[in-house]
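J.: sharing a model prediction with you, sequence too.
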Amino acid sequence: MWAAHLLPALILCSLSFQGPSYVGAHSTQFTCEADGKFPDNENPQLYFICTNGVVSEGHCESGESFDFNPQQCAPYGSKGECVDQPEGALIPHDDDHRFYKCSHQVAYQITCVANLVFNPAVNVCDWDKELHPEYNVCEGMPNCLIPDNADPTRYYRCTDGHRISLACPSGKSFDPTNKTCVDLNYDICTDEAEGDMVPHTDENRFYKCSHGVGYQITCWEPLVFKYGRCNWASAEELPTVVYLGPCHGQEDGALVANSADPKAYFLCFNGTSQSQTCLSGSSFDTNSQSCVAFGTSCVDKADGTFLPHATNPTKFYICDHNIGYEKSCPRGLVFNPAKSVCDWPSAG
């Protein structure tokens, strides 16, 4: 099987013109290099719209992020996919053409390009030709060049939804990011296993080994090849992620808080989770296992402020955006406002 492309590679077809620079309200500088929609790497809810070299800013609705392959906003994961997962973890989606990337325990959807599928074993979008019958990879694509995922020495030219199969000159393969034919490396993969990825002397590139030959792939700017994948230059190595879900080990009927949304929780049954939402004006309290009304004492309070409950010493509020989310202390403890913790009654 050929064709593992690291996540950002081959997301969009590139055109040739250079556009103006732009600095948005969130201080992200962006330069148009093609018409289309492009993600803002600082904020997953924002994106840039380039039209004839002119750039404007788009914003997804609350609860959505920009999925840069279909170039549209997509809902966050709703099954607790990123609960207790490390920052940057990649989690399989119910649709194998998609996956989630975790940030602050929120699951942001990303779709693989050109009908590739997400391979969680190596965290890449991949395609096994034997599992996927021939189809028109150019259907619905803009005019551009895309790789032939069955043969790294070939590529397609997409024109008005039609495809033309082309081949690189002898001794060269198609780099799916740069959209050019580049030299094969016949030496670097001599002692490597099939499918291994080997660093290039340029940190933005790597070689994928197939039949003892190294095929060059360039990471999508500004990523570099690090820890066996295209990654942020500042990224730390992530542990192997085994996604168990929020209801793993929970009894049937258990309720588990959704850390991405205080108004939501999960109902567990046979180890699977079903997303539930409290009624308007209430949030989920883990210890009482129930939805409770918002508090009104958080107006003009800083986010993260802890406030005592007006009538019940075993409860307290956490402030977020002027809303007080009611929480209960574990059995036998009371809220200590001096320390902003649940404490033994005698400690007050």
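T.: Cool, got the structure.

J.: number of nearby residues for A302?
T.: 8 (other C-beta atoms under 10 Å). The way it works is simple: take the backbone N, C-alpha and C, and place the C-beta from them, glycine included.

J.: skipping adjacent residues, who's closest to it in space?
T.: Spatial nearest neighbour of A302, excluding adjacent residues (C-beta to C-beta, 6 or more residues apart in numbering): C319 at 6.9 Å.

J.: what about A150, how many neighbours?
T.: So A150, with other C-beta under 10 Å, has 15 neighbours.

J.: now it, what's its secondary structure?
T.: coil (DSSP: H, G, I helix; E, B strand; the rest coil).

J.: if I look at it, how far off is K172?
T.: Counting by C-beta to C-beta, to the nearest Å, the gap from A150 to K172 is 17 Å.

J.: how about the residue nearest to P92 when sequence neighbours are not counted, what does it touch?
T.: With sequence-adjacent residues excluded and distances taken as C-beta to C-beta, 6+ apart, P92 is closest to P120, at 5.0 Å. Counting by C-beta atoms under 8 Å, 6 or more residues apart in numbering, P120 touches 90-92, 99.

J.: kindly report the same for T153.
T.: Contacts for T153 (C-beta under 8 Å, 6+ apart) come out as 167-168, 172-174.

J.: report the buried members of the residues you listed.
T.: Among the contacts of T153, those classed as buried by neighbour count (16 or more other C-beta atoms under 10 Å) are 168, 172-174.

J.: inside strands: which ones of the residues you listed?
T.: 172-174 (DSSP state E).

J.: take the residues you listed and lay them out in a markdown table including pLDDT.
T.: Formatted as a markdown table, those follow (pLDDT from 0 to 100):
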| residue | pLDDT |
| --- | --- |
| K172 | 92 |
| S173 | 91 |
| F174 | 90 |
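
J.: which one of those residues is nearest to R154?
T.: Set against R154, the nearest of these by C-beta to C-beta is F174 (6.8 Å).

J.: please name the nearest non-neighbouring residue to the closest one.
T.: Y155 (4.2 Å).

J.: mind listing what's buried along the helix or strand harbouring that neighbour?
T.: Y155 is part of strand 154-159 when elements are defined by DSSP states H and E. Residues of strand 154-159 classed as buried: 154-156, 158 (neighbour count, 16+ other C-beta under 10 Å).

J.: ok, now stretch 42-57?
T.: 44-48, 50, 55.

J.: so what does the residue nearest to C278 when sequence neighbours are not counted have for phi and psi?
T.: Counting by C-beta to C-beta, 6+ apart, C278 lies nearest to C291, which is 3.6 Å off, once chain neighbours are set aside. Backbone torsions of C291, given as degrees, to the nearest 10, read phi -90, psi 130.

J.: who's in contact with C291?
T.: Residues near C291 by C-beta under 8 Å, 6+ apart: 278-279, 282-285.

J.: now the two most distant members of those residues.
T.: Maximum pairwise distance in the contacts of C291, criterion C-beta to C-beta, is 13.5 Å, between L279 and D285.

J.: more neighbours: the two, which one.
T.: Legend: neighbour count by other C-beta under 10 Å for L279 and D285, higher for D285 (20 against 8).

J.: what pLDDT is listed against the residue lying closest to R205 once chain neighbours are set aside?
T.: The spatially closest residue to R205, leaving aside those adjacent along the chain, is T218, at 4.8 Å (C-beta to C-beta, 6+ apart). Predicted confidence (pLDDT) for T218: 85.

J.: T218 and D202, how far apart?
T.: Counting by C-beta to C-beta, the gap from T218 to D202 is 8 Å.

J.: E64 too?
T.: 36 Å.

J.: same question, T177
T.: Computed as C-beta to C-beta, the T177 to D202 distance reads 12 Å.

J.: of these two, who's got more company?
T.: With neighbours defined as other C-beta under 10 Å, T177 and D202 compare such that T177 has more, 23 against 12.

J.: SS state for the more buried one?
T.: coil.

J.: just want the phi and psi numbers for the residue nearest to it when sequence neighbours are not counted.
T.: Counting by C-beta to C-beta, 6+ apart, T177 lies nearest to T218, which is 4.0 Å off, once chain neighbours are set aside. When read as degrees, to the nearest 10, the backbone of T218 gives phi -100, psi 130.

J.: so what's T218 up against?
T.: T218 neighbours (C-beta under 8 Å, 6+ apart): 9, 175, 177-178, 204-205.
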